[in-house]
Structures are given as structure tokens and as C-alpha cells.
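*Asks:* Next one to model:
(one chain, ligands or ions: 2)
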Amino acid sequence: MAELEALIFDVDGTLADTEKDGHRVAFNRAFVDAGLDWEWTVALYGELLAVTGGKERIRYYLDSFNTDFERPADLDGFIAALHKQKTAHYTSMLAEGAIPMRNGVRRLLTEVREAGLRLAIATTTTPANVSALLQHALDPAAEEWFEVIAAGDIVPAKKPAPDIYTWAIEQMKLSPEQCIAFEDSENGVKSAASAGIRSILVTTNDYTEDDDFNGAALVLDQLGDPDDDFRVIAGDAGDAGYVDLALLRAFHGRG
Ligand code: XBP
Ligand code: MG
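*Replies:* Ligands and ions are numbered 1, 2, ... in the order given. As a prediction, this is how the structure comes out:
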């Protein structure tokens, strides 16, 4: 088994619970700005999350849920402008502290950085969103903690395609076997697994708890903390109650 060298984190749903009260609200605000009567309810957004990428999600919504909408001649341009406005709303919400990091994230990042493990991000979301989340919810200098931030349109195909993980691993000059991936969704697990990563740790959330996590070695409800045990949904966490470096090393060694 290759030595554990790097941890690669998904962002939305993994580092922070961003979808229901963050991205979804930002999309709805952009729709109002554009004079559209579209509203993505919590339930509808849960269905729309089947498609990763905000621009792709808007197109999916039109193709599958709002076929009556009279499409402008330049639909790509229309969607891009709508998504740009949504990103402005979302990054403003993050700057106001609307979305905190998930439980255990700061603790774990601190421990693994001190141990010298390399960190990366592999996400479908827009790079500006990653910067805003890291700066405002983690640390003003947190972007520097991550050697590689692979995000959004930097690759041609978004999750569940492997592209974003493969790109990040190549940038770090590592092999998939030297990495652990942290994800929250079926699309994310499929992306990491098809990039060759065998050590995939999932922390679920309200939107993804019923996803198919086939391919993930360990599925938890959260990373946990010393005073707040995680709940094991699938896989073997031994007698640990929260994710720390020792658990990661044991988990990776079994990969
Ligand atoms: C989640 C996504 C993103 C966000 C919205 O990314 O699929 O599309 O929902 O962000 P991940 P954008 O779980 O890979 O972090 O609107 O910027 O795409
Ligand atoms: Mg995610």
C-alpha cells in the first residue's frame, strides 16, 4: 500500500453545508434580479442536485422542470449571466458569515497540517466560491493551506466524471493510491473512485444521506469531535468516535 501523502477535499456538503441555505438561496435571488418567476424550493433543489455545476443545473432545470420557458436565442449567454449574478450573491453571503465550516473540519485540517500532510481541493463549484468560503469561514489565509485548488470549469467534465480529481492528483505529482478523498455525494464518490482513489471517506448531509455511496470505504454522518461522536453509516471506523489522523492512517492502510 502506498504511503499516505495527501488529503483531497470536496467543498460543497463536505467542508461546509452550503447547498440548502447557501447556493439555493443565491440562485433564487439571481432569478428575482432577472425578473424570473422561478423558485427553487428545498425539495426541487434536492432533485436538481443530481446535476453538478450551477450553469449545468440551470440548463437541467429548463430541460426537465420548466420546459415552457421561452428560451432566449443566446441561451448559453443567458445562463452564464444568471450564474454570474448567483455567484455574486453567494460570495456576498459567505462574506457575511452565512455558512460555517462543518463540525470537525477545522480541527482535522489543523492536525494534518501539523503532521505535514499535503492538502488539495477537488470541487465542481466556482473558484470564487472556494476562495470566499475558505477566507470567511475558515481563515483569511486558508487558501494557502491547499497546495492545489481544483474547481469549476478548470476541467471539461464535472463530477461524476473523474477529471477534477485526476487534474488535482496530476498537479501534485502523486498517484491516487497516495491520497484520501473526502466527499458528501454519490457524484463525488463516483468521481474520486473513477480517478483511481480507493480511500474515500464520506460525510453525509440532509441532501445526500440516501445517495448510493458504493465505492466509499467509510460513510459517516460527520467528521465528529472529541465531544461529539460521529455515527458510522457504512464501513469500519474501529473504536474511534471522530476522524483524526490516526483513523485516517489506519483507514488508508486498509484501502
Ligand atoms: C457542488 C456543486 C456545485 C454547487 C454550486 O460542488 O455541484 O455546482 O452546487 O456551485 P462540490 P456553482 O460538491 O463538488 O463541491 O454554482 O459555482 O457550480
Ligand atoms: Mg459535494
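
*Asks:* Could you use CA atoms for every contact and neighbour count after this?
*Replies:* Fine.

*Asks:* Go ahead and confirm Val219 touches Ile233.
*Replies:* Yes: between Val219 and Ile233 a contact is recorded at 5.3 Å, counting by CA atoms under 8 Å.

*Asks:* Looking at those two now, which is surrounded by more residues?
*Replies:* In this view Val219 and Ile233 are compared by other CA atoms under 10 Å, and Val219 has more residues nearby, 25 against 14.

*Asks:* any idea how far the closest residue to Pro156 other than its chain neighbours lies from ligand 1?
*Replies:* The shortest distance from Pro156 to any non-neighbouring residue, by CA to CA, 6 or more residues apart in numbering, is to Asp163 (7.5 Å). With distances taken as CA to the nearest ligand atom, to the nearest Å, Asp163 is found 12 Å from ligand 1.

*Asks:* Residue numbers of the protein in contact with ligand 1?
*Replies:* 10-13, 23, 52-54, 123-126 (CA under 6 Å from any ligand atom).

*Asks:* Dump these to JSON lines, plus pLDDT.
*Replies:* Converted to JSON lines, the residues of the chain next to ligand 1 look like this (pLDDT from 0 to 100):
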{"residue": "Asp10", "pLDDT": "98"}
{"residue": "Val11", "pLDDT": "98"}
{"residue": "Asp12", "pLDDT": "98"}
{"residue": "Gly13", "pLDDT": "98"}
{"residue": "His23", "pLDDT": "98"}
{"residue": "Thr52", "pLDDT": "98"}
{"residue": "Gly53", "pLDDT": "98"}
{"residue": "Gly54", "pLDDT": "98"}
{"residue": "Thr123", "pLDDT": "98"}
{"residue": "Thr124", "pLDDT": "98"}
{"residue": "Thr125", "pLDDT": "98"}
{"residue": "Thr126", "pLDDT": "97"}
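
*Asks:* okay, now whatever residue of the stretch 51-200 of the chain ends up closest to ligand 2: neighbour count?
*Replies:* Proximity to ligand 2, evaluated over the stretch 51-200 of the chain using CA to the ion, is greatest for Asp184 at 5.0 Å. If you count neighbours by other CA under 10 Å, Asp184 ends up with 30.

*Asks:* That one contacts Tyr207, correct?
*Replies:* No: Asp184 is beyond contact range of Tyr207, at 9.2 Å (criterion: CA under 8 Å).

*Asks:* Narrow the residues of the chain next to ligand 1 to those in helices?
*Replies:* Using DSSP state H to define helices, the subset of these located there is Gly54.
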